[in-house]
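> sequence plus predicted model, see below.
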Amino acid sequence: MTYPKSHVGRAKQPTGKRSPTAQKKAPQKKAIIKTLHPRNVHQHGYDFDKLVSVMPSLATFVRLNPYGNPSIDFADPQAVKALNAALLLSEYKINAWDIPSGYLCPPVPGRVDYLHYIADLLALKGQIKRGAGIRALDIGTGANGIYPLLGITAYGWQFVASDIDPVSIDNVAYIAKQNPDIAANLQLRLQPNPQAIFSGIIAKNERFDVTMCNPPFHRSLAEASAGTLRKVTNLAKSQQQKHGKTSTNLTAAQTHPKLNFGGQKAELWCDGGEKQFLANMINQSKAFGSQVLWFTSLVSKSDNLKPCYQLLKQIHAVEVKTIEMAQGNKVTRILAWSFIPTQLHLQWGQLRG
């Protein structure tokens with residue numbers, strides 16, 4: 001059994017004249033259905049029979065939902081981690097994936113979507129570039145290492161992955177050690193300066209085709225904790241409604257959710273939140289403008305795009321793109337910018353050396 005396709009709705013502006021009566025009413029919105037990227041193998045949902053066959057331990061968490069389809073409790077961090085491990089093994093042949101207690105457990109379908117759109121960004125004349133000729137840098141890879149793991153297995157790219165947390169670096173190194181193809185194409189670098197993003201990671205004469213990042217969203221630990229509690233509460237209520245229950249009483253585990261559902265400090269929050277992190281990244285990217293073809297980052301909050309555009313104009317980025325993608329019921333954006341003139345993009349491979 002599989003889930004329905006993920007989709008999001010986008011408002012369509014009404015056109016034409018309206019009667020006085022109609023003008024008093026809120027305009028009707030017509031949804032434009034948008035699924036995951038066409039190359040995303042997860043766009044039709046999860047095949048739990050297949051997943052359990054490759055990872056029998058997942059069966060512990062699988063149960064039938066009210067529609068009679070197999071599912072898991074997405075408010076249970078252990079269930080979500082087991083699902084991730086099964087997906088990575090089944091679809092990407094990644095062995096021994098695990099994360100320490102208290103670290104972020106990312107949704108695989110949404111994370112691989114970022115990589116598919118990056119592949120489109122790097123394509124030349126419509127041809128997707130696969131293999132070790134592409135070098136990517138993952139900023140803040142986390143203990144899950146999800147972008148380099150998926151980028152190497154799905155596209156064969158080379159990756160450098162950085163983080164300020166030695167536990168995260170050590171965990172990704174352990175996963176890579178269990179997967180020789182990943183280990184051969186992955187370098188891990190510990191960022192010694194928490195305020196630096198590229199400095200200390202990109203060497204003097206080193207070049208990358210693309211950098212990637214999923215910035216910390218919240219501005220403080222209190223805000224991050226509130227966000228985690230809100231997420232767990234909403235999931236719990238949704239589960240109760242699906243099963244025809246009306247009680248809104250939450251368990252102790254739900255009112256005090258474990259951090260492994262929400263992530264560690266560097267994964268979840270920083271001073272100034274996503275807006276400030278993006279500003280820092282953009283400002284610091286200028287110094288490495290000749291060493292990177294495309295800088296990119298996820299942008300969770302649409303309001304943060306405008307100040308990014310203003311900053312990019314001030315530091316003279318020559319090309320800026322915003323790519324919209326769907327992750328479940330929410331829209332996320334990829335902001336991409338380059339200091340390399342467009343006419344030189346075709347020669348980048350030779351320039352990079």
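Arrived safely, thanks for sending. Numbers count the residues shown, from 1 in each chain.
> and the residue nearest to W157 when sequence neighbours are not counted, how far is that from V108?
Nearest residue to W157, sequence neighbours excluded (CB to CB, 6 or more residues apart in numbering): I134, at 4.2 Å. Glycine gets a C-beta too; all of them are placed from N, C-alpha and C. Computed as CB to CB, to the nearest Å, the I134 to V108 distance reads 21 Å.
> these two - which one has more neighbours?
Taking neighbours as other CB atoms under 10 Å, I134 and V108 compare with V108 leading, 26 against 21.
> which ones are touching the more buried one?
Listed by CB atoms under 8 Å, 6 or more residues apart in numbering, the contact partners of V108 are 42, 84, 87-88, 146, 150.
> columns distance to Y114, neighbour count and secondary structure on top of the residues you listed, output as TSV?
Compiled in TSV, the contacts of V108 are given as follows (distance: CB to CB, whole Å; neighbours: other CB atoms under 10 Å; DSSP: H, G, I helix; E, B strand; the rest coil):
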residue	distance to Y114	neighbour count	secondary structure
H42	13	21	coil
N84	16	22	helix
L87	16	25	helix
L88	16	24	helix
I146	9	29	helix
L150	9	24	helix
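> quickly check those for the two that are furthest apart.
Farthest-apart pair in the contacts of V108 is H42 and I146; separation 13.3 Å (CB to CB).
> before we move on, back to that, turn the contacts of V108 into CSV, including pLDDT and distance to V292.
Compiled in CSV, the contacts of V108 are given as follows (pLDDT from 0 to 100; distance: CB to CB, whole Å):
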residue, pLDDT, distance to V292
H42, 93, 29
N84, 97, 29
L87, 98, 30
L88, 98, 28
I146, 97, 21
L150, 98, 20
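> go through those residues and name the one nearest H345.
L150 (24.4 Å).
> wait, the closest one sits on Y92?
Yes: contact criterion CB atoms under 8 Å: L150 and Y92 qualify, at 6.4 Å.
> what ranges do the strands span in the protein?
Ranges of strands within the chain are 63-64, 70-71, 135-139, 158-163, 186-190, 208-213, 292-299, 319-327, 330-338, based on DSSP state E.
> closest to I128 among the contacts of V108?
For the contacts of V108, the nearest to I128 is L150 (14.9 Å; CB to CB).
> now do the same contact list for the closest one.
Taking CB under 8 Å, 6+ apart, one finds 92, 108, 111-112, 115 in contact with L150.
> just among these, which is most surrounded?
V112 leads the contacts of L150 on contacts (other CB under 10 Å) with 28 neighbours.
> pLDDT score for it?
Looking at V112, its pLDDT is 96.
> coming back round to it: in helices, which of the contacts of L150 fall?
92, 108, 111-112, 115 (DSSP state H).
> work out which residue lies at the spatial centre of this structure.
R111 (3.9 Å; CA atoms, centre = their mean).
> give the buried residues for stretch 301-321.
Across stretch 301-321, burial judged by 16 or more other CB atoms under 10 Å covers 304, 308, 311-312, 317.
> give me the contact list for stretch 120-136.
Counting by CB under 8 Å, 6+ apart, 118-119, 147-148, 151, 155-160, 185, 207-212, 293-294, 296, 321, 323, 336, 346, 349, 352 sit against stretch 120-136.
> and stretch 345-353, what's its mean pLDDT?
Mean predicted lDDT for stretch 345-353 stands at 73.
> scratch that, stretch 151-161
pLDDT averaged over stretch 151-161 gives 98.
> show me how far it is from its chain's centre.
15 Å (CA atoms, centre = their mean, to the nearest Å).
> kindly report the same for stretch 159-172.
16 Å.
> restricted to buried residues, select the contacts of stretch 120-136 in ChimeraX.
Burial among these is assessed by 16+ other CB under 10 Å; the matching ChimeraX selection reads:
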select :118,119,147,148,151,155,157,158,159,160,185,207,208,209,210,211,212,293,294,296,323,336
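> in the protein, where is pLDDT below threshold?
Where the chain drops to pLDDT under 70, the residues are 1-34, 217-272, 327-328, 350-353.
> mind listing the helices for it?
20-23, 48-54, 77-92, 108-122, 146-155, 166-177, 180-184, 221-242, 252-255, 265-268, 273-285, 305-314, 348-352.
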